[in-house]
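Peer 1: my questions concern the predicted model and sequence given below.
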Amino acid sequence: MSGTAAIDSASLDECVVLLAVARAASEGKTPANQAQLRSICNDHLDEADGAVVGGLSEADVSRALYSLEEAGLVVDKGPADSSPTGKGRPIYAPVSDPESLFDELAGVEDVAPLLDAVELP
């Protein structure tokens with residue numbers, strides 16, 4: 001599946017998480033763990049000032065990252081012998097460059113208000 005097709009079929013949660021991964025990468029902060037990405041997601045949602053209601057839970061971000069990884073949009077850069085209970089947790093980076101992800105996400109109707117609301121580097 002191409003990146004554009006994967007983004008077009010992604011849920012809103014997945015698009016918000018992908019935006020967070022792209023933003024972290026554009027700021028040189030990838031690979032990033034789930035907690036860091038959740039913080040960026042919820043900052044984006046806060047900055048959107050009502051464009052999207054609510055925030056994302058840890059489970060929401062985790063599910064979205066697994067789906068995005070399966071779709072080939074993000075990659076886990078963590079160690080091969082990772083443990084979900086301690087060191088070696090997954091850390092994610094985008095497969096594409098952040099600018100192309102921003103461009104593709106701008107075409108998603110529900111995500112466009114988030115892009116307009118946040119200041120991208």
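Peer 2: On my side now, so go ahead. Numbering: from 1, shown residues only.
Peer 1: touching, residue 110 and residue 11? I think so.
Peer 2: No. Applying CB atoms under 8 Å, one finds residue 110 not in contact with residue 11, separated by 9.6 Å. Every residue, glycine included, has its C-beta placed from N, CA and C.
Peer 1: burial check on residue 116, number of neighbours?
Peer 2: Counted with other CB atoms under 10 Å, residues neighbouring residue 116 total 11.
Peer 1: cool, residue 73 as well?
Peer 2: With other CB under 10 Å as criterion, residue 73 counts 25.
Peer 1: spit out the contact partners of it.
Peer 2: Residues counted as contacts of residue 73 (CB atoms under 8 Å, 6 or more residues apart in numbering) are 3, 6-7, 10, 18, 94-96, 101.
Peer 1: make it 7 Å
Peer 2: Applying CB atoms under 7 Å, 6 or more residues apart in numbering, we find residue 73 in contact with 3, 6, 18, 94-95.
Peer 1: quick revisit: pull up the overlap in contacts between residue 110 and residue 11.
Peer 2: Overlap of the contact sets of residue 110 and residue 11 (by CB under 7 Å, 6+ apart) is empty.
Peer 1: check residue 53 and give its pLDDT.
Peer 2: Listed pLDDT for residue 53 reads 56.
Peer 1: rewinding a little: among the contacts of residue 73, which are in strands?
Peer 2: residue 94 (DSSP state E).
Peer 1: tell me which two of the contacts of residue 73 sit farthest apart.
Peer 2: Farthest apart among those by CB to CB are 6 and 94. That separation is 12.0 Å.
Peer 1: if you count what's nearby, which of these two comes out ahead?
Peer 2: Neighbour count, other CB under 10 Å: between residue 6 and residue 94, residue 94 has more, with 22 against 19.
Peer 1: all helices for the chain, in order.
Peer 2: 3-8, 12-26, 34-47, 58-70, 98-106, 112-117 (DSSP state H).
Peer 1: would you reformat those helices as TSV and include distance to residue 89?
Peer 2: Below are these laid out as TSV (distance: least, CB to CB, whole Å):
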stretch	distance to residue 89
helix 3-8	24
helix 12-26	15
helix 34-47	7
helix 58-70	10
helix 98-106	22
helix 112-117	26
